[in-house]
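K.L.:
any chance you could fold what I've pasted below:
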Amino acid sequence: MLVKTRLKINVAVSVLTAFIIVLVLLQAFVRVNRAVEESNIAGEIITCAFERNTLRDDYLRTGSARAKNQWFAKYAQMGILLKAAAEKFRGAEERKNIQALTEDNLRTGRIFAVIVENREKARSDPELAALAQEAENRLVSQLRMRVYDRTLYAVALDEGARNHQHSALWMAALQSLA
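P.N.:
The predicted structure follows:
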């Protein structure tokens, strides 16, 4: 074989190898980027849930219209975050957690709306105040019990996203060494 032919073969193999390495690194970049996005969404869900709890407690304590309106805004924001999470997360367990969080968000919204409605009725009819307070106490208990499950699901999403990040980084490192 001529030197010129060997040189052409070596150049072709080198270019092909470089191309494969670039493809592997691009794939790794896409996986890491997706995992970071998942983690960000999970973190936002956790933050939104805690902010909503704070606003709920503020409304229950003060009856403030500002706290009520902000709670409903956080409720809507949570719905948007959960839709984004449903589009990003692909694992079966994560989808199950997102579904549970979505159902919980809807139930929580209904319960909070009933609390607000009961408070407004109690203000307009003092005879209903005692009954409304008893109903509110039960509804508030339901809201508070839901916090634990909601936190578990949101933390599980965050852990899944972090596992995806670690997996993607390890795959990138192993592929680039190979």
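K.L.:
how far away from the center of its chain is stretch 35-53?
P.N.:
Mean C-alpha position of stretch 35-53 versus that of the full chain (C-alpha atoms, centre = their mean, to the nearest Å) differs by 5 Å.
K.L.:
where's the spatially most central residue of the chain, which helix or strand?
P.N.:
Centroid-nearest residue in the chain, with C-alpha atoms, centre = their mean: Ala42, separated by 3.1 Å. Element membership for Ala42 (DSSP states H and E) is helix 3-62.
K.L.:
quick check: mean pLDDT across stretch 102-115?
P.N.:
Averaged across stretch 102-115, pLDDT comes to 92.
K.L.:
that older thread, which other helices and strands does the helix holding Ala42 contact?
P.N.:
Identification of packing neighbours for helix 3-62 by 3 or more C-beta pairs under 8 Å, 6 or more residues apart in numbering; DSSP states H and E yields helix 65-88, helix 92-124, helix 129-177. For glycine as for every other residue, the C-beta is placed from the backbone atoms N, C-alpha and C.
K.L.:
any chance of the ones you listed in JSON lines, plus mean neighbour count?
P.N.:
Converted to JSON lines, these look like this (neighbours: other C-beta atoms under 10 Å):
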{"stretch": "helix 65-88", "mean neighbour count": "17"}
{"stretch": "helix 92-124", "mean neighbour count": "16"}
{"stretch": "helix 129-177", "mean neighbour count": "15"}
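K.L.:
and those helices: which comes nearest Val3?
P.N.:
helix 129-177 (31.6 Å; C-beta to C-beta).
K.L.:
average pLDDT for the closest one?
P.N.:
Averaged over helix 129-177, pLDDT sits at 77.
K.L.:
show me what it is packed against.
P.N.:
Secondary elements touching helix 129-177 (3+ C-beta pairs under 8 Å, 6+ apart): helix 3-62, helix 92-124.
K.L.:
and the angle from the longest one to helix 129-177?
P.N.:
Per axes from the mean of the first three to the mean of the last three C-alpha atoms, to 10 degrees, the angle that helix 3-62 makes with helix 129-177 is 170 degrees.
K.L.:
kindly report the same for the last one.
P.N.:
Angle between the axes of helix 92-124 and helix 129-177 is 160 degrees (criterion: the same axes, to 10 degrees).
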